[in-house]
Every structure is written in C-alpha cells, then in structure tokens.
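S.K.: 3D model of this:
(2 chains)
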2 protein chains.
Amino acid sequence: MSDHHVAPVAPNPTPAPTPAHETPYYAVVFTSVRTDEDGEGYARTAERLSELVQSIPGFLGEDSAHTPGGLAISVAYFRDLAGIDAWRHDARHREAKRYGREHWYERYSIHIARVEHSHGFTRRDFPGAA
Amino acid sequence: MSDHHVAPVAPNPTPAPTPAHETPYYAVVFTSVRTDEDGEGYARTAERLSELVQSIPGFLGEDSAHTPGGLAISVAYFRDLAGIDAWRHDARHREAKRYGREHWYERYSIHIARVEHSHGFTRRDFPGAA
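M.R.: The predicted structure is shown next:
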C-alpha cells in the first residue's frame, strides 16, 4: 500500500503528525525490512509513487520513519476503504510492489485498520503551533 | 500509548513484521518528533516501559522506526481495547508520558485503530523464513 515511501535520511521533522481528520478514517501500516539492493532505484520509485498517491480520492496524508539498517514504517491515511482499494489496484503501484518483492524487500507486513480515536500533543513553543 | 519506545540506532532488522494474529485486533500508532533534550533519560525510560508493556494482558507486539533527526513511529498491537485501556491507565506509563510532554516531545499524535486485514511477505531466502 504505502511501500512506495522511504523516509528521508536527512532530518525532516516538518510533517505534522497531528490528527486532523474526523474519525473514523483508515490507516495502512506498512512495516518493512529492506535488502541491500539498489537504494537509488528504490528512492526514485518511492518519490514517484509518493506523488501519485496524492491523486487518490480520499488520501489524507502519510508519515514515514526509517531506522538506518533496520525497520521502516510508513502509515498512510485514507478517508475510506474505497481510497485504499483504488490505490491497491493502481497499475503503477502494483508494478512497483511486484518489483519491490523481487528486489527491495526482505520482508514486509501490511495492516489495514479503521482509526476509531486519535489525539495529539503540540509543544506550545513549537514553530507553527496554534 | 507506545511513546515509551525508541527505535535503536543500531541496525536491528530482527523483529518480524509479519502479521501473526487473527483479525480483528488493535493497533496504537504513535508518531512523534523529539526535542533535543536528554536522550539518555529517554532511552532508559523507553527500555523500562518496553518491558512493562509486555505484562499487559492482550499485548501482541510492537514495531518501531526512527529517522535520525526526524519522525519516529511506533506501532503497538493489542488483542482488544481492554489491553489498550489497561496500558493507558498504567501509573508508570502515565508518569512517563507526563514527563515526556514536558521534556522529550515537540509534538506527537496517537491513532487507535482496529486492524481489519493484514498480510505479509517474506523473501524465500530470508533467514528464518518458513
């Protein structure tokens, strides 16, 4: 689902992880361990798909984190299951996943979940805090 | 919820991100941006709470990833909402969260979600693959 996304190694704490959407909505949790293969091709594909997913109706946003040499976790949020299905059946996404299974992933898991509650915290002196 | 968990900087691709549990179960997605404060105290607390959560009835497991200087994402899995509530009301966990809001977090978000579908992929030549 969101196996197109790679966390940048450069610091980027900009994405706001604050829940901004009315529940229920849906989350696709993608947890992966990479092979050593072809990091550049992976990054290119990740960037391209990251742009594509934004055109999916109901796509709400995405957060990613990647421990160097360890796990990567991406969580993509969608308004409803229809959006997740649309993304799952997208031909360019499917092709990237197929290639990814052959080359880029040692293992991964995908959890599709209905978000029933969310809340957030923002430090008062954080830039951009309300 | 799982704000006790810090991803190790040392490579650790060991945790199996394979869904091993019958749906539905629950996921607590914790996404955070850290302050620069007191990394050692944070790591100590994270480790202690990571042990504590395993005693919560219905705790199924946890995955964490942390982009250096960027986002951290932890996903803790529970059999049911009762387990999540028990952990949420644990006194040691609450105290750690309170301290964390004062010192360790610029911002965070928590999503509590019901996992309705999961699947996984494991490379055939991956050590330990079935």
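S.K.: now the helices for chain A?
M.R.: For chain A, applying DSSP state H gives helices covering A:39-52, A:81-89, A:91-103.
S.K.: Which among these is found nearest to chain B?
M.R.: In terms of C-beta to the nearest C-beta, the element of these nearest to chain B is helix A:91-103, at 5.8 Å. Glycine gets a C-beta too; all of them are placed from N, C-alpha and C.
S.K.: hmm, the closest one touching chain B?
M.R.: Yes - counting by C-beta under 8 Å from any C-beta of the partner chain, contacts between helix A:91-103 and chain B involve A:Arg101.
S.K.: So A:Pro68 sits against B:His66, correct?
M.R.: No - using C-beta atoms under 8 Å, A:Pro68 is not in contact with B:His66, being 9.1 Å away.
S.K.: Among those two, which residue is more densely surrounded?
M.R.: Applying other C-beta atoms under 10 Å in any protein chain shown to A:Pro68 and B:His66 shows that B:His66 carries more neighbours, namely 25 against 15.
S.K.: Name the helix or strand of chain A that has the lowest mean pLDDT.
M.R.: Least confident helix or strand of chain A, by mean pLDDT, DSSP states H and E, is helix A:39-52 with a mean of 89.
S.K.: and the angle for it with helix A:91-103?
M.R.: Following axes from the mean of the first three to the mean of the last three C-alpha atoms, to 10 degrees, one obtains 160 degrees for the angle between helix A:39-52 and helix A:91-103.
S.K.: Show me which parts of helix A:39-52 are buried, residue by residue.
M.R.: A:42, A:45-46, A:49-50, A:52 (16 or more other C-beta atoms under 10 Å in any protein chain shown).
S.K.: Can you pull up the most central residue in chain A?
M.R.: A:Ser74 (3.7 Å; C-alpha atoms, centre = their mean).
S.K.: shouldn't that residue be in contact with A:Gly61?
M.R.: No - using C-beta under 8 Å, A:Ser74 is not in contact with A:Gly61, being 11.2 Å away.
S.K.: For A:Gly69, what are phi and psi?
M.R.: phi 80, psi 0 (degrees, to the nearest 10).
S.K.: that older thread, what is the orientation angle of the least confident helix or strand of chain A with helix A:81-89?
M.R.: Per the same axes, to 10 degrees, the angle that helix A:39-52 makes with helix A:81-89 is 140 degrees.
S.K.: Now do A:Thr31 against B:Tyr105, distance only.
M.R.: 22 Å (C-beta to C-beta, to the nearest Å).
S.K.: And these two? Which one has more around it.
M.R.: Using other C-beta under 10 Å as the criterion, A:Thr31 and B:Tyr105 rank with A:Thr31 on top: 26 against 21.
S.K.: doesn't A:Ala72 make contact with that one?
M.R.: Yes - the pair A:Thr31 / A:Ala72 is scored as a contact, 7.3 Å apart, by C-beta under 8 Å.
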